[in-house]
Structures are given as structure tokens and as C-alpha cells.
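Engineer: model the following, please.
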Amino acid sequence: MKKTQAMKKIAAFLGVALVTTVAMAESEPIQLSLTPDIALYDRSTMINGLTLSIWGENQQNGLALGIINGSFGQSAGLSVGVINYAENYKGVQGGLINFTEKNCGGWQGGPLFGLLLSVVNYTGGTMEGFQCGLVNYAGTLTGLQFGVVNYAEIADSGVQIGVLNIMPQNECFTRLPDELAPAMILVNWRF
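Structural biologist: Have a look, this model is predicted:
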């Protein structure tokens, strides 16, 4: 009986060790890539650490430095490049073009090298945070947009500051002070 219990414990330990090893094998601390297909690790590898690339495309938690930084799934950290794109992202996307297909929490803006404005910031789902660019788009805005043209299809709670600020769901001056108008110059909001 004692041998059976010991065997069960050993089998359980080996099972946990195997699962842990497989999980660890799917995550790496560094990625170097010229393109997604010419890289240390393939696209399916999670990078928990540093990505240096001409064009990289991995799910990541950490720092991504490159010309084009791509990620999928739920990624987080700091992406600095010319173009940043992601499925879902939490953290900072610092590039001339920042694109998040679904949800973004944090900041989308220009590269951290002196220029704070992006050319385009796009979040197709919910943007919770701050967008700073010439053109900013959010499917749903909870936060602040600062730019020349700001557009929020839906605003849960948001402020836009720029030359042209558009929140189509707002009614024209009928719900002050909670919302302003569908389109305004200089500032628009909805709370």
C-alpha cells in the first residue's frame, strides 16, 4: 500500500514537472528577428522579456524595440518602433503608427525620442487611457484623446482635445454638462 501511494506521488510529481517544462518551453526571455519567419523563435512563442527586431511578431510581456513590432493575443509592456500593432495591448505603444485591433489600456503616442505625437493611433475596441497623435480613433473611449482629429464611435467617459473632435453618440447641447455635441472644435466630452 505504501508503494502504491509513493508511486502515485512520483507520478503526480512527474506530471507537474512535465506540464511546467512544456509551459516554460513556450516562453522565452528574448527574441531577435529580421522578420516573423526569420527569428530565434517562431510566432507561437511567448516572449517574457526583450524583443529586438526589424519586424517581430510574438505575444509578449516586456520591451519590444524594432521598426515593426507586432503582437497577438493579450500582450503587455512597452513597444517602441515606427509601427506597432497588436490584437490586445496593455502598456505603451510608442510609434508613428499604433494599431490595436481589439482593446488597448495605457498610452498610444509617438516614439519616446522627443516626438510625442503619432501620425495615427487606432483602437478598434475599447481604449482605456490616452491617445496622442495627429489622428486618433477609438471604438469605445474611456480616457483622453489629444490630436488634430479625434474620433470616438462610443465614449463611456472621455475627453477629446484637438482641432476636430467627434463623438457621434452625443446629442447637440441637450445633455450639458454630461456631454457636449456630436462634433466640436477644440474640445468635446462625454461623462
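Engineer: going by C-alpha atoms from here, please, whenever you check contacts or count neighbours.
Structural biologist: Will do.
Engineer: pull the number of nearby residues for Gly139.
Structural biologist: 18 (other Cα atoms under 10 Å).
Engineer: any regions of this protein where pLDDT drops low?
Structural biologist: Residues of the chain that meet the criterion pLDDT under 70 lie in 1-25, 111-115.
Engineer: show me where it has helices.
Structural biologist: With DSSP state H, the ranges of helices along the chain come out as 2-25.
Engineer: how many other residues sit next to Phe173?
Structural biologist: 12.
Engineer: how about Leu40?
Structural biologist: Neighbours around Leu40, by other Cα under 10 Å: 14.
Engineer: what of the one 5 residues further on?
Structural biologist: Counted by other Cα under 10 Å, the residues lying close to Thr45 total 17.
Engineer: can you tell me how far it is from Gln31?
Structural biologist: 9 Å (Cα to Cα, to the nearest Å).
Engineer: again with Asp156
Structural biologist: In terms of Cα to Cα, Asp156 sits 37 Å off from Gln31.
Engineer: of these two, which one has the most company?
Structural biologist: Gln31 (23 against 14).
Engineer: quick one: Glu171 and Ala183 touch, right?
Structural biologist: No: Glu171 sits out of contact with Ala183 when judged by Cα atoms under 8 Å, with a separation of 9.4 Å.
Engineer: between these two, which one's more packed in?
Structural biologist: Ala183 (20 against 14).
Engineer: which residues sit in contact with the nearest residue to the more buried one once chain neighbours are set aside?
Structural biologist: Leaving out its chain neighbours, the residue that sits closest to Ala183 by Cα to Cα, 6 or more residues apart in numbering is Ile166, at 4.3 Å. Neighbour list for Ile166: 149-152, 182-184, 188 [criterion: Cα atoms under 8 Å, 6 or more residues apart in numbering].
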